[in-house]
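A.B. asks: Sequence and computational prediction follow.
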Amino acid sequence: MPTNSHVPARPTPTQVRRWRQHLANERAEAAVYRDLASRRSGEEREILLGLAEAEARHEAHWLNLLGSHVGKPRRGDSRTLFLGVLARRFGSVFVLALAQRAEDKSPYELDPDATSTMAADERIHGEVVRGLAARGRNRLSSNFRAAVFGANDGLVSNLSLILGVGASGVGTNIILLTGLAGLLAGALSMGAGEYVSVRSQRELLESSRADPEMRKFLPHLDIDANELALLYRARGMSPEEAQIHAVEVLTGNSRLELEAEASVPDQHEAVGTGHAAATSSFCFFASGAAIPVLPYLFGMEGISAVLVSAALVGVALLGTGAIVGLLSGASPLKRGLRQLMIGFGAAAATYLLGLLIGTGAA
């Protein structure tokens, strides 16, 4: 690969260090893609191996610039090495989401010694990885959504409930009973609501599926009246296209295609099943709602129980927010802090309400 024309014949020590780091990163990124490819098959495997080959071309650029200054192999940066560990151990959508962020933050656009082609390649790599990650996100979408929102709702609602009741001045046993009742009631409500929601969505999708029995009525259709053209117009074809296609089907020159059927299975896969979504929602709400109750279960009282409960929930909220951030290709820290502020905001509101009620009762 040709080097940039402005690169000096004798590079400075700073340039050599930067080039060697770029070289190490390219090698590490290629290894990540090869590791991911080893856990895939078919088209996804070919795409990942293609990305690894592209990183090898970038590697050749830095080798060409370095020449005799290449030195001993260096380690990639911490982010790329972390991706490599995840790829070897998990090979999951989390790794692809992280790889997407890494490609989007490529330094080549600002590096004077990288070619414009390399910078464009990295941008395309980010979109390729985004597409691969989207496949995994679609497979996770329904049950993962139920799990994340179930856990988050359990954390926020039960912490708010416990703090609100506790601020009113009632005894610890009442707070504990309230927390356990909120856990069970909320988990049952979430599970039932998720089941009804997913079942209703699947039934709506099912109602859009074309009738497979329609094929046996084709021989009896009037080719002159050709009402089959109305079907294709309903599927989105223009009147002229629908008429031509319907005639081809009725004369045996084309196969009957029920276009709506092609998309419904994928939509069903993204929606998930009612039982799976309900179970995920129930279990994760219960696990989230149990966290703010833990200090009271272990006998803590008063402000110390409140602080420990809030701290435990805060850590959990940061975790759920970071996971959502990773999967969406966004900043895990920002998403975690957003979850934390929303959750603590709701808890603070109910705590203040409990204080007002307690003061009024007194």
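C.D. replies: Received, thanks. For clarity, every value in this text was computed on a predicted model and none was experimentally measured.
A.B. asks: In which helix or strand does residue 52 reside?
C.D. replies: helix 42-66 (DSSP states H and E).
A.B. asks: since we're on residue 112, how many residues are nearby?
C.D. replies: Counted with other C-beta atoms under 10 Å, the neighbours of residue 112 add up to 8. Yep, even glycine has a C-beta here, placed from its N, CA and C like the rest.
A.B. asks: tell me the pLDDT at it?
C.D. replies: Note on residue 112: pLDDT of 87.
A.B. asks: what's the answer for residue 232, then?
C.D. replies: Reported pLDDT for residue 232: 72.
A.B. asks: Next, work out how far apart it and residue 119 are.
C.D. replies: 45 Å (C-beta to C-beta, to the nearest Å).
A.B. asks: the more surrounded of those two?
C.D. replies: residue 232 (20 against 15).
A.B. asks: mind checking the SS state of the residue nearest to the more buried one when sequence neighbours are not counted?
C.D. replies: Of all residues not flanking residue 232 in the chain, residue 242 sits nearest, at 3.7 Å (C-beta to C-beta, 6 or more residues apart in numbering). Classification of residue 242 by DSSP: H, G, I helix; E, B strand; the rest coil places it in helix.
A.B. asks: Quick check: residue 242 touching residue 233?
C.D. replies: Yes - assessed by C-beta atoms under 8 Å, residue 242 is found in contact with residue 233 at 4.4 Å.
A.B. asks: So those two - more neighbours on which side?
C.D. replies: Ranked by neighbour count (other C-beta under 10 Å), residue 242 and residue 233 place residue 242 first, with 20 against 15.
A.B. asks: ok, the more buried one - contacts?
C.D. replies: Neighbour list for residue 242: 229, 230, 231, 232, 233 [criterion: C-beta atoms under 8 Å, 6 or more residues apart in numbering].
A.B. asks: Where does the prediction get shaky in the stretch 51-200 of the chain?
C.D. replies: Residue ranges of the stretch 51-200 of the chain with pLDDT under 70: 73-94, 97-98, 101-102, 104, 135-146.
A.B. asks: Show me the helices in it, by range?
C.D. replies: Assigned by DSSP state H, counting those that start in this stretch, the stretch 51-200 of the chain shows helices spanning 78-89, 93-104, 116-167, 172-207.
A.B. asks: helices and strands around the helix or strand hosting residue 306, which ones?
C.D. replies: Assessed by DSSP H and E, residue 306 sits inside helix 302-328. Other elements packing on helix 302-328 under the criterion 3 or more C-beta pairs under 8 Å, 6 or more residues apart in numbering; DSSP states H and E are helix 93-104, helix 116-167, helix 172-207, helix 294-297, helix 332-361.
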